[in-house]
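In: Any chance you can model this:
(chains A and B)
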Amino acid sequence: MSAVATALVFWPAAALMLVTAVQVFRTSSMARAGLLLLGALGFEGLLFLALASEFLGVLMVLMMSGEMVVMTFFMVMFMPDPGGLMGMDMTHQPRRSAAVAVAVTAALAVLAVATDWPGRVAGRSAPDVEAIGFEVMSRSMFSFLFAGVTILFAMIGGVLLAQHGGRLGLDAPAGEERE
Amino acid sequence: MSELTPVWILLVALAGSGALGLLHHAIDPRAAGPGEMVLAVRRAFAEPISVPEQRDGVLFHLAPLLLVLGAVGALAFVPWSPSFRGIDLSTGAIAFPAMLAYVTPAIFMAGWGSGRPLAVVGAFRWIALMLAYAMPLAMTLTAVAAPAGSLRVTDIVDVQHAVPAALVQPLAFALWLPAVQAVCFLSPFDVAQASGELRGGVFDEYRGLDRALVDLAQRILILAVSGMTAALFLAGWHGPLLPGALWMAIKTAAVAALLLWSATRLPRMPVDQVVSLAWRLANPLAIVAIAWGGLVTLVFYR
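Out: Sure, this is the predicted structure:
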């Protein structure tokens, strides 16, 4: 994409992402909060697309839709006031979280500006692609394996708990049997 | 991709959905004919914007727009001929389901925004249905992309120049068709609207222009998935004698006719049976389809 086209997608998408992200905490409706979060993450996918990270962008747009709607479904199911009719406040410890958010943003901004980024970022001879490869396959290997096995156990546990009668496989109480 | 590509895609969307309406009328005489279609468009603009009594108005009116956006977005990735390839991304085979994925939030918004119990039930049913069709859809895409070694849709079309993927990978084709039928919320998977049990479900409160946008989005969705089926499974523009674009049009119309015909013939499935069938049968078979796709790739395409 040309520089103009990139700018035309990037800045509006970035602005909309920030607006929807802030609105997540200003609404009191669970359905709106979940869908606004989907909006923010979808616009983030557009940012990746504008910056020519095609695969990451498309994947972000694809994955977030289903995930956020399922999350919204659970929020609506579990919260006592899913429509936000009582005007619930979506924030917790607003001052402390604001302080943490500002500190993290500042630290990331300093990191982004101070890092000496390599000129070439894609292709076989890009230095940081090689560095990431060695990092993933050597020092961080154990962390990734651990995370993978943890997620697998969570999935197996979820399936067991979702069975009739929980993990013990007990018969369902009379009247709840479907099949 | 040129500057005019979006204009062409919109033209394809409008002309194609009109043609699809005529096809639907030919298959099912109960569907609106040409005269009734014109009347319906005029009525859509004449009717006042409907406001259900108790609703989330923003979500209610945003839902048809998101539905149209997702449908047109999906259509944009369909390659129609060697010279008009839509948006030809190197990740087109993922971008297409990424656009289809926005049918789900749109239908959830419609059901929740309507603020009626039956509409909300319809929205919740749709989430269950989405979890049922999404995995077979994505996995069969992987299987047909394997011989091309690429996620670019035009590469997948070109690798079928000798034999269409539907013949090489019939299992993937058999799993793909019901999945796209479900994306278009056509019977037997119209569990979210369910005119009999839920009285129209998620779209019951929609009138006038909102309703017309929902119907238009469904037509464009059918057009998009039929076009993509023709490209991914039926060798796209490859065919003897006739020009490529005409072959694409014929194949797209054939797939659309199949989808619409089965929608008029098959009774609605209960949502629990759809989910059970998807997770117990379709998903395991989709893994078999991927393995088969890998095997034929190694044996015939290397």
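In: in the stretch 1-150 of chain B, which spans are helices?
Out: B:5-27, B:34-46, B:57-75, B:92-100, B:103-114, B:117-148 (DSSP state H, counting those that start in this stretch).
In: Tabulate the CA atom coordinates of the second one in PDB.
Out: Output for helix B:34-46, consisting of C-alpha atoms alone and laid out as PDB, is shown next (Å, rounded to 0.1, in the frame of the first residue of the first chain):
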ATOM      1  CA  PRO B  34     -39.600  -9.800 -10.100                       C
ATOM      2  CA  GLY B  35     -42.700  -7.600  -9.700                       C
ATOM      3  CA  GLU B  36     -42.900  -8.300  -6.000                       C
ATOM      4  CA  MET B  37     -39.200  -7.600  -5.600                       C
ATOM      5  CA  VAL B  38     -39.600  -4.100  -6.900                       C
ATOM      6  CA  LEU B  39     -42.700  -3.600  -4.700                       C
ATOM      7  CA  ALA B  40     -40.700  -4.800  -1.700                       C
ATOM      8  CA  VAL B  41     -37.900  -2.300  -2.300                       C
ATOM      9  CA  ARG B  42     -40.400   0.500  -2.700                       C
ATOM     10  CA  ARG B  43     -42.200  -0.600   0.500                       C
ATOM     11  CA  ALA B  44     -38.900  -0.800   2.400                       C
ATOM     12  CA  PHE B  45     -38.200   2.900   1.700                       C
ATOM     13  CA  ALA B  46     -41.800   3.900   2.400                       C
END
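In: chain center to that helix, what's the gap?
Out: Here the centre of helix B:34-46 is set off from its chain's centre by 24 Å, with Cα atoms, centre = their mean, to the nearest Å.
In: Same check on stretch B:29-42?
Out: 22 Å.
In: same thing with stretch A:22-41?
Out: 13 Å.
In: do stretch A:155-165 as well
Out: 24 Å.
In: By average pLDDT, which secondary structure element in chain A comes out worst?
Out: helix A:127-137 (a mean of 81; mean pLDDT, DSSP states H and E).
In: Make TSV out of the helices of the stretch 1-150 of chain B and add mean pLDDT and distance to chain A.
Out: C-beta coordinates here come from the backbone N, C-alpha and C atoms, glycine included. Formatted as TSV, the helices of the stretch 1-150 of chain B follow (pLDDT from 0 to 100; distance: least, Cβ to the nearest Cβ, whole Å):
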stretch	mean pLDDT	distance to chain A
helix B:5-27	87	13
helix B:34-46	80	26
helix B:57-75	92	7
helix B:92-100	94	4
helix B:103-114	92	5
helix B:117-148	92	5
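In: how about the helices of chain A, start to end?
Out: Per DSSP state H, chain A carries helices over the ranges A:3-26, A:30-50, A:54-78, A:94-114, A:127-137, A:141-162.
In: Kindly report which one of those carries the lowest mean pLDDT.
Out: Looking at those, the lowest mean pLDDT belongs to helix A:127-137 (a mean of 81).
In: Format the CA atom coordinates belonging to that one as CSV.
Out: Taking Å, rounded to 0.1, in the frame of the first residue of the first chain, the C-alpha atoms of helix A:127-137 are listed here in CSV:
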residue,chain,number,x,y,z
PRO,A,127,18.3,-10.2,12.2
ASP,A,128,15.3,-10.1,14.6
VAL,A,129,13.4,-12.9,12.9
GLU,A,130,16.5,-15.0,13.5
ALA,A,131,16.8,-13.8,17.1
ILE,A,132,13.1,-14.6,17.8
GLY,A,133,13.6,-18.1,16.2
PHE,A,134,16.5,-18.9,18.5
GLU,A,135,14.7,-17.5,21.5
VAL,A,136,11.6,-19.6,20.9
MET,A,137,13.5,-22.8,20.2
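In: Kindly report the residues of chain A close to chain B.
Out: A:29, A:31-32, A:35, A:38, A:54-55, A:58-59, A:61-62, A:65-66, A:68-70, A:72-73, A:76, A:83, A:178 (Cβ under 8 Å from any Cβ of the partner chain).
In: returning to that earlier point: single out the most deeply packed of the helices of chain A.
Out: Highest mean neighbour count among those (mean count of other Cβ atoms under 10 Å in any protein chain shown): helix A:30-50, with a mean of 22.
In: for it, packing partners?
Out: The contact analysis (3 or more Cβ pairs under 8 Å, 6 or more residues apart in numbering or on different chains; DSSP states H and E) places helix A:30-50 against helix A:3-26, helix A:54-78, helix B:57-75, helix B:103-114.
In: what angle sits between it and helix A:3-26?
Out: For helix A:30-50 against helix A:3-26, the angle between stretch directions is 160 degrees (axes from the mean of the first three to the mean of the last three Cα atoms, to 10 degrees).
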